[in-house]
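1. Pasted the sequence and its predicted model underneath.
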Amino acid sequence: MKKVLLAVLLVFLTPIVVSAYDLNEKFLIEGTLTGVYQYGDIDIEGTDDKDRGVAVLDLGVNFHPTDKDEFQITLSYAAGNGLNTVVPFSLAPYADDLEDDLKDINGGKRDYLLEAWYKHTFTFTKDASLGITGGIIDATGYIDDNNFANDEVAQFMNDIFVNNILATLPSYDIGGVVELDISNFSIRGLIMGSKTGYTYMAREQIGEVYCKEHDIWKPVFADVEKEEYRSYNYYALQVGYKVDTPMGEGNYRLYGFTTNKKFQNRDGTGEKNLKGLGISADQKLSEIIGAFARFGWQDDKAATVVHDAVYSGGLNINGKLWGRDNDEIGLGYAYLNGADKAEIDNTNAIEAYAKFKISEFSDVTFDVQYIKDDMRQEKDKDGVIYGARLNAYF
């Protein structure tokens, strides 16, 4: 509760700071306070229906002393983990970074600080530029972007419609990005160093028991599940093309990624790398309707891989249809194929949301999701999740 009150207090105080810095166009502070409530109607034996709420405060500080130089710091605070830690599905029903995600980020000692980077842009001509970014970055800001399915705060809530989860995009670690834009073509190259958590069983002393026969205390041992983090490097390259058609703008992106060999393979005899390909596309079909699609494939030799292929797509319907330009409806469907020897055979996800603007600084979204994991050995898992999201922007 204290964290929620702090978030609300910051919402009221920050606009005062922003207005003071509005006198200098080189300095900008922006923020979003998001409240989410979700209820899960879960059809799994032994699992009760559950509901959770969460509050998230995102703050961004941007300083651009020149047209070619830019500094960015992004902070996030959250109270609660929503349904993500209690539902038994392979997909998270809310893709935002929540309370546990924002502490000890990626196994380090950093809390709440998500991004801290510097970017310099070289402008060659009106239609050609090269941007170089370095610092603490988020790969999802550069790879697998999509105009209609890429923002858990303003669009879909399920993580499969925010990014391709098979791309295993790292976030909030040291890295660098090179962005080359030439007319309608773009090339993005990214390298990051990050960490992945894994669990293992270790035999540890959990206590002592008194032995009357020998008048001594004997240690008691048990197998204990422990978690550790393993460092790895991540590399990605994306090529994009923007088209202007009579229907409207379209964006088509093809990317590939790989890591170094830091992930245990399925038979436990060695280490493998993660690697795969992805496609992300969005296309306006009219002033009212837009469509998006994502396809992804990942090598499944590493034990951490749950799915090896994903096919998703959907529609975006603008509120112009009913006379409100800032409203929108989103519809999405995703199919994920289970990796070889993984527990899941396949996963299906459907999501629909309707977002309505309340004022210049706020909006509300109503959301419903259906998730089903078809299991190879265990009983299938499925359920419907109903949600509401309220945003305040400042």
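-> Okay, I see it. Numbering: from 1, shown residues only.
2. Look up the residues forming beta bridges with the residue nearest to I216 when sequence neighbours are not counted.
-> Sequence neighbours aside, Y210 is the residue nearest to I216 in space, at 7.8 Å (criterion: C-beta to C-beta, 6 or more residues apart in numbering). All C-beta atoms are positioned from the backbone trio N, CA, C, and that covers glycine. Applying DSSP bridges to Y210 yields these beta-bridge partners: W217.
3. distance of Y210 from V220?
-> To V220, Y210 is 11 Å away according to C-beta to C-beta, to the nearest Å.
4. next one: Y241
-> Taking C-beta to C-beta, one finds Y241 at 64 Å from V220.
5. what do you get for Q72?
-> 52 Å.
6. which one of the two has more residues nearby?
-> Per other C-beta atoms under 10 Å, whichever of Q72 and V220 has more neighbours is Q72, with 20 against 10.
7. Give the next helix or strand downstream of the helix or strand hosting the more buried one.
-> Assigned by DSSP states H and E, Q72 falls within strand 69-79. Where DSSP H and E defines the elements, the next helix or strand beyond strand 69-79 is strand 113-125.
8. where does the stretch 1-150 of the chain dip in pLDDT?
-> 1-24, 46 (pLDDT under 70).
9. same deal with the stretch 201-350 of the chain?
-> Using pLDDT under 70, the stretch 201-350 of the chain drops low at 201-203, 223-228.
10. Kindly indicate whether T140 is helix, strand or coil.
-> helix (DSSP: H, G, I helix; E, B strand; the rest coil).
11. Quick one: residues contacting Q72.
-> For Q72, the contact set (C-beta atoms under 8 Å, 6 or more residues apart in numbering) comprises 60-63, 115-117, 119.
12. closest to Q298 among those residues?
-> Distance to Q298, by C-beta to C-beta, is smallest for E115 among these, at 25.7 Å.
13. picking up where we left off before, give me the buried subset of the contacts of Q72.
-> Buried members of these, scored by 16 or more other C-beta atoms under 10 Å, are 60-61, 63, 115-117, 119.
14. Now for H214: which residues touch it?
-> Contacts of H214 by C-beta under 8 Å, 6+ apart: none found.
15. May I ask which helix or strand encompasses it?
-> Counting by DSSP H and E, H214 is part of no helix or strand.
16. give me phi/psi at it?
-> phi -110, psi 0 (degrees, to the nearest 10).
17. Then Y393?
-> Per degrees, to the nearest 10, the backbone of Y393 is at phi -110, psi 140.
18. confidence score at it?
-> On pLDDT, Y393 comes in at 93.
19. Wait, it touches S362, no?
-> Yes: at 6.8 Å, Y393 counts as touching S362 under the criterion of C-beta atoms under 8 Å.
20. neighbour-wise, which of those two wins?
-> Remark: of Y393 and S362, Y393 carries more neighbours, 17 against 14, as counted by other C-beta under 10 Å.
21. how near is the more buried one to D58?
-> In terms of C-beta to C-beta, Y393 sits 10 Å off from D58.
22. Give me the common contacts of those two.
-> 31-32.
23. check contacts around G276.
-> 166-167, 256-257, 296-299.
24. What sits closest to it if chain neighbours are left out?
-> Q298 (3.6 Å).
25. Give me the neighbour count for the residue nearest to G108 when sequence neighbours are not counted.
-> Spatial nearest neighbour of G108, excluding adjacent residues (C-beta to C-beta, 6+ apart): K195 at 7.3 Å. By other C-beta under 10 Å, the residues close to K195 number 16.
26. Next secondary structure element downstream of the host helix or strand of G40?
-> Following DSSP H and E, one finds G40 within strand 27-42. Elements were assigned by DSSP H and E; along the chain past strand 27-42, the next helix or strand is strand 50-63.
27. Centre of the chain to that following strand, how far?
-> Centroid separation between strand 50-63 and its chain, computed with C-alpha atoms, centre = their mean, to the nearest Å, is 13 Å.
28. for stretch 362-369, same thing?
-> Distance, centroid of stretch 362-369 to centroid of chain: 18 Å (C-alpha atoms, centre = their mean).
29. what comes into contact with it?
-> By C-beta under 8 Å, 6+ apart, stretch 362-369 touches 93, 154, 156-158, 326, 349-358, 384-393.
30. Roughly how far does A92 sit from V86?
-> Separation of A92 from V86 (C-beta to C-beta): 11 Å.
31. more crowded one of these two?
-> A count of neighbours by other C-beta under 10 Å puts A92 above the other of A92 and V86, at 21 against 15.
32. Now do the same contact list for the more buried one.
-> By C-beta under 8 Å, 6+ apart, the contact list for A92 reads 84, 158-159.
33. Give me the residue at the spatial middle of this structure.
-> In the chain, the centroid-proximal residue (C-alpha atoms, centre = their mean) is A95; its distance is 5.1 Å.
34. correct me, but that residue touches M157?
-> Yes: A95 lies in contact with M157 (C-beta under 8 Å); the separation is 6.5 Å.
35. Would you mind listing the residues touching both of these two?
-> Between them, A95 and M157 share no contacting residue, judged by C-beta under 8 Å, 6+ apart.
36. Buried residues, stretch 98-105. List them.
-> Buried, per 16+ other C-beta under 10 Å, within stretch 98-105: 98-99, 101-102, 105.
37. actually stretch 306-317, not the one I wrote
-> So stretch 306-317, judged by 16+ other C-beta under 10 Å, has buried residues 306-310, 312-317.
38. Indicate each strand paired with the helix or strand containing L254 and its parallel or antiparallel sense.
-> According to DSSP H and E, L254 maps onto strand 249-259. Next to strand 249-259 in the sheet, as set by DSSP bridges, lie strand 216-244 (antiparallel), strand 275-284 (antiparallel).
39. Quick check: next helix or strand after the last one?
-> Right, the one you point to is strand 275-284. strand 289-298.
40. Mind listing what's buried along stretch 117-137?
-> 117, 119, 121, 131, 133, 135-137.
41. Cheers, nothing more for now.
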